[in-house]
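Undergrad: mind folding the following:
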Amino acid sequence: FAALMGLARQGMAVVVHRELPEDVPGWGNLDNRRNEYQQLVSSLRFEEGGDLGGRVAHVGAGMVLMGDDVRAMLGSTKAVREPMADAGLRFVRRRDGDNKTYWILNSADRSLNGWVSLASRPLSAVCFDPQFGGSGLAALRVSGTSGTEVYLQLAAGQSCLVRACSAEVRGPAWEYFEAHGDPVEVEGTWRVSFVQGGPELPEAVEIARLGSWTEYGGEAVKRFSGTALYAIDLARPAGDADAWLLDLGRVCESAKVMLNGEDLGTLISPPFRIVIPGGRMREQNRLEVRVSNLMANRIADLDRRGVSWKRFYNVNFSARLGANRGPDGLFNASRWQPKDSGLIGPTTLAPVVRLRPQ
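TA: Numbering: from 1, shown residues only. From the prediction side, this is the model:
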């Protein structure tokens, strides 16, 4: 709170929803921090703010606004509202000199493929892929009604970084793609081998349909936590395409993708998709996907066998859920059912072509 008051004295507007905190957090140096907090609070002289949307206390060159209507209070400050919020996008915006950097998340349950309005008016915008490290100049246009717009393609749950630059930036363009045909399921015989983990490595299997490895049969796959290698031979799909969109479908929990021995990237969260450049797709190909699951199944097995594995401090407390408590009242996972693990699918390939946003 002292830091916030310091910012207010320098000219910032601090917006408080409804009321100030009753007390300070934590126990360290509690008495001194409480006294400091109470002195700062008692120094605030609130008065009716009129059009400011709440009560106001002037602090140095800035002020503290307190009230019920956060939107009205923010509207009375110099804070600039981002119109992308109306499209269901979540974001974090940071200023770096004359530039602004956005982290943008598509939190909707549908894909975004279109123009997104920015409150800033950059001359250039650079898009960054935080998962694979790619970057390029994003398509930008000026709209008479909504200011500057940047073209984004984000699947549900996907995010990117956009740097809005106040000066012209030169460099390679960001690659946009659009569908050029229907997705086709990757079919054939998947060879599944367990390569790392425990308590022991289950036997390798061959499967025609993807699904949780806990359903392969036997107890070893139900208690295994680690990594399995899925391999399949596939022919280049028919038709012309600039690239191919590989969609792994459901993955529990992360996947490393390799094509013909070349590492295409590691996927750690949905959407489990990766673009395969057309030049890397041969007439005959070998696709390998290394999938790692969580530790839940192995932990449950350890607790069922009474193995002492909790050799650290903060696990020896009563579990929040009664179903996760053992006879001693402490955390125990012995009643957990096996969690889905591995490449669940369906895994598909779809032809895509480059898109030039208009």
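Undergrad: residue ranges of each domain in this structure, please.
TA: Here the domain assignment for the chain is 2-75, 83-174, 184-294+339-354, based on automatic domain parsing.
Undergrad: may I see these organised as JSON lines, with distance to residue 332, mean neighbour count and mean pLDDT added?
TA: C-beta coordinates here come from the backbone N, C-alpha and C atoms, glycine included. Shown next, in JSON lines, are those (distance: least, CB to CB, whole Å; neighbours: other CB atoms under 10 Å; pLDDT from 0 to 100):
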{"stretch": "domain 2-75", "distance to residue 332": "30", "mean neighbour count": "14", "mean pLDDT": "94"}
{"stretch": "domain 83-174", "distance to residue 332": "33", "mean neighbour count": "16", "mean pLDDT": "93"}
{"stretch": "domain 184-294+339-354", "distance to residue 332": "16", "mean neighbour count": "17", "mean pLDDT": "96"}
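Undergrad: got the phi and psi for residue 221?
TA: For residue 221, the backbone dihedrals (degrees, to the nearest 10) come out as phi -70, psi -20.
Undergrad: all numbers from here: first residue = 29
TA: With 29 as the first residue, the last one maps to residue 249.
Undergrad: which residues touch it?
TA: When contacts are counted by CB atoms under 8 Å, 6 or more residues apart in numbering, residue 249 touches 230, 241, 242, 243.
Undergrad: equivalent analysis for residue 80, please.
TA: 93, 101, 104.
Undergrad: just residue 217 next, same as before
TA: Counting by CB under 8 Å, 6+ apart, residue 217 has contacts 234, 235, 236, 260.
Undergrad: quick revisit: quick one: which of the contacts of residue 249 is nearest to residue 208?
TA: residue 241 (33.7 Å; CB to CB).
Undergrad: what distance do you get for the closest one to residue 102?
TA: 50 Å (CB to CB, to the nearest Å).
Undergrad: any idea whether the residue lying closest to residue 324 once chain neighbours are set aside is helix, strand or coil?
TA: Closest residue to residue 324 apart from its sequence neighbours, by CB to CB, 6 or more residues apart in numbering: residue 367 at 4.7 Å. Secondary structure assignment for residue 367 (DSSP: H, G, I helix; E, B strand; the rest coil): coil.
Undergrad: again, but for residue 159
TA: coil.
Undergrad: ok, now which ones touch it?
TA: Residue 159 touches 293, 295, 296, counting by CB under 8 Å, 6+ apart.
Undergrad: from residue 223, how far out is the closest residue to residue 162 other than its chain neighbours?
TA: Excluding the flanking residues, the one nearest residue 162 by CB to CB, 6+ apart is residue 156, at 7.4 Å. As judged by CB to CB, residue 156 and residue 223 stand 32 Å apart.
Undergrad: residue 179 now?
TA: Counting by CB to CB, the gap from residue 179 to residue 223 is 41 Å.
Undergrad: next one: residue 131
TA: 35 Å.
Undergrad: run through the strands of the stretch 29-178 of the chain in chain order.
TA: Assigned by DSSP state E, counting those that start in this stretch, the stretch 29-178 of the chain shows strands spanning 41-45, 75-76, 83-87, 90-95, 117-124, 127-134, 140-146, 152-156, 163-165, 168-171, 175-182.
Undergrad: what of the stretch 229-378 of the chain?
TA: Using DSSP E, counting those that start in this stretch, strands in the stretch 229-378 of the chain cover 233-235, 253-263, 271-275, 278-280, 282-287, 290-295, 301-305, 312-320, 370-373, 376-382.
Undergrad: chain center to the longest one: distance?
TA: Just to be clear, that refers to strand 253-263. How far strand 253-263 lies from its chain's middle: 25 Å, per CA atoms, centre = their mean, to the nearest Å.
Undergrad: given that strand, what are its sheet partners and their directions?
TA: strand 218-226 (antiparallel), strand 312-320 (antiparallel) (DSSP bridges).
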